[in-house]
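>>> Task: produce atomic coordinates for the following.
(one chain, ligands or ions: 2)
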Amino acid sequence: MKKTISLFITLSILSLHCRGQEKEQNNSLLEQLPHHIKLSWETAPENSQAITWRTRASEPKGFVEYVEATASPFFEEHIKKVRATSQSYTMEDGLWYYHSVNLQNLKPGTRYSYRVGDKGKWSEWSEFSTATGQKEPFKFLYFGDVQRYIHSLGSRTLRQAVLANPDAKFMLFAGDLIHRGGLNTENWNEFFPAGGWIFQNIPIVATPGNHEHKWAVKETREIVPLWDLNFCFPKNGPKGQEEQTYYMDYNNIRVISLDTSAKITSEQRKETYVWLEEALKNFNGDWVFVAFHHAMAGLARNRNPHIRFPEIKALLEKYKVPMVLTGHEHLYARGRMEADFPIYAVSVAGPYQNAIQFSDWIERAGTTMQLYQEIYVSENQLDYVAKTVLGEVYDAFTITKKSNGELQFEEAPDLPVESLIPTKDFEKRYDKELVKSYESDKIKYLQRKKQ
Ligand SMILES: [Fe+2]
Ligand SMILES: [Fe+2]
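Ligands and ions are numbered 1, 2, ... in the order given. Okay, the predicted model is just below:
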């Protein structure tokens, strides 16, 4: 009997050992293949498509093969091949090659199939569609900070949002996609698999957050090299801020990204405002969305509630920007400040949550929940819907453009009761006075809204 037990234990250990080895082998096999494949735009979405990915050092070259999509799998003879720009970069998890291609001269409103790789190591074929360049209704998704516990809990927001909206034209991230922008482990190595093959089909548009910048010395806020290595964004921003501050036109809308953490001089800051004004002035389409990471005013309960960017705020009001999409506060809020427009939205996709301070400008607040937003645009109407990770409507409103160009805001009726539960470990994480005053501040907020 003793012999049988010891044989059983030995076999079990051996089998565990083998399984461990097998897993390692599988992992390294996966690593040999192109991965972290994602779409973004560097130039016009109606005739170009940027594709980026990563490989191990054994695969220093990369190519994109692409073809107009057909239902037939026998499309070999029409395939075009483009060599990628490839750059090696050593990280805490080893040496990688980062590859990028910007496919150009594509047909508008056309579906393409593509794969990336080289020699025997190719990705699967995936599809993307170019923008039509026409005025027609479409929607996109907007996410606040994913940032922490991306694998375990951030991923579900991205996946549920796309499962519910497979026809979204792009996914807009308002910064802090990850927590430590200079690290792959627990950061980019969790973020890209969280989106998985979704990112191979739906382009990412992102504005950088403070966590995508270096924080070794607080004053030094250079963007991490992995931002440029992982993404291709437009280079039409002010000098030195390309791919961080930029605008991207998709059909009849313009998305402006402002890097509010960029390391710039006061002179460059002024240049940025001039650039922003020009980007607002010279747009002839229907809707402008301005996305930046830091909410216009601090909202987390232990933060300064001051207006962070008065010069930007003045421009947004002057040009009646309909919507501003932000994050950083790790909670949900929506409202207007001293002007009918813009509508400021603050949201959070990941599980890290902050308690709120009930600032006077908030028209709708939400805490302790993961959210995503669907934004529908047509020529004269914009519909905004914030949903919880479970797909329940949490906030919704419409902005209508009247024939004289005037904008009209209307909140949806019958929105659910606000979730205002302070975050987990609230008492431990916040100063006593902030904890003590929470209930009375909340009551005042709710009373103000009743009036
Ligand atoms: Fe954040
Ligand atoms: Fe942040």
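>>> what are the ranges of the helices in this protein?
Ranges of helices in the chain, per DSSP state H, are 2-32, 155-164, 189-195, 225-230, 266-281, 310-318, 426-429, 432-436, 438-450.
>>> any chance of those in TSV, with distance to residue 68, mean pLDDT and mean neighbour count too?
In this view, the C-beta of every residue, glycine as well, is placed from N, C-alpha and C. Conversion of these to TSV gives the following (distance: least, CB to CB, whole Å; pLDDT from 0 to 100; neighbours: other CB atoms under 10 Å):
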stretch	distance to residue 68	mean pLDDT	mean neighbour count
helix 2-32	30	54	10
helix 155-164	24	98	19
helix 189-195	25	97	21
helix 225-230	27	96	20
helix 266-281	33	96	15
helix 310-318	40	98	16
helix 426-429	54	96	13
helix 432-436	58	97	12
helix 438-450	53	96	13
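>>> Mind putting these into CSV with distance to residue 42?
Putting the helices of the chain into CSV (distance: least, CB to CB, whole Å) gives the following:
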stretch, distance to residue 42
helix 2-32, 26
helix 155-164, 22
helix 189-195, 18
helix 225-230, 11
helix 266-281, 17
helix 310-318, 24
helix 426-429, 40
helix 432-436, 44
helix 438-450, 43
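>>> between the ones you listed, which gets nearest to ligand 1?
helix 189-195 (13.2 Å; CB to the ion).
>>> who touches the closest one?
Helix 189-195 is contacted from outside by 35-36, 38, 93, 146, 150-151, 154-155, 158-159, 171, 177-178, 199, 204, 230, using CB atoms under 8 Å, 6 or more residues apart in numbering.
>>> Pick out the residue of the stretch 301-450 of the chain closest to ligand 2.
Closest point on the stretch 301-450 of the chain to ligand 2, by CB to the ion, is residue 328, at 3.8 Å.
>>> for the stretch 51-200 of the chain, same thing?
Relative to ligand 2, the nearest point of the stretch 51-200 of the chain is residue 176 (4.3 Å; CB to the ion).
>>> Just to check, that residue is in contact with residue 211?
Yes - counting by CB atoms under 8 Å, residue 211 is a contact partner of residue 176 at 4.6 Å.
>>> overlap in contacts of the two?
The contact lists of residue 176 and residue 211 share residue 147, where a contact means CB under 8 Å, 6+ apart.
>>> which of the two has more neighbours?
residue 176 (27 against 22; other CB atoms under 10 Å).
>>> ok, which residues in the stretch 51-200 of the chain are in contact with ligand 2?
Taking CB under 5 Å from the ion as the contact definition, the stretch 51-200 of the chain meets ligand 2 at residue 176.
>>> Around ligand 1, which positions in the stretch 51-200 of the chain sit nearby?
Going by CB under 5 Å from the ion, the residues of the stretch 51-200 of the chain near ligand 1 are 145, 147, 176.
>>> switch to 8 Å and redo it
Residues of the stretch 51-200 of the chain found near ligand 1, taking CB under 8 Å from the ion as the criterion, are 145, 147, 175-176, 179.
>>> Excluding chain neighbours, what is closest to the residue positioned nearest the centre of the chain?
In the chain, the residue lying closest to the centroid (CA atoms, centre = their mean) is residue 173, at 1.8 Å. Distance criterion CB to CB, 6 or more residues apart in numbering; nearest residue to residue 173, sequence neighbours excluded, is residue 206 at 4.1 Å.
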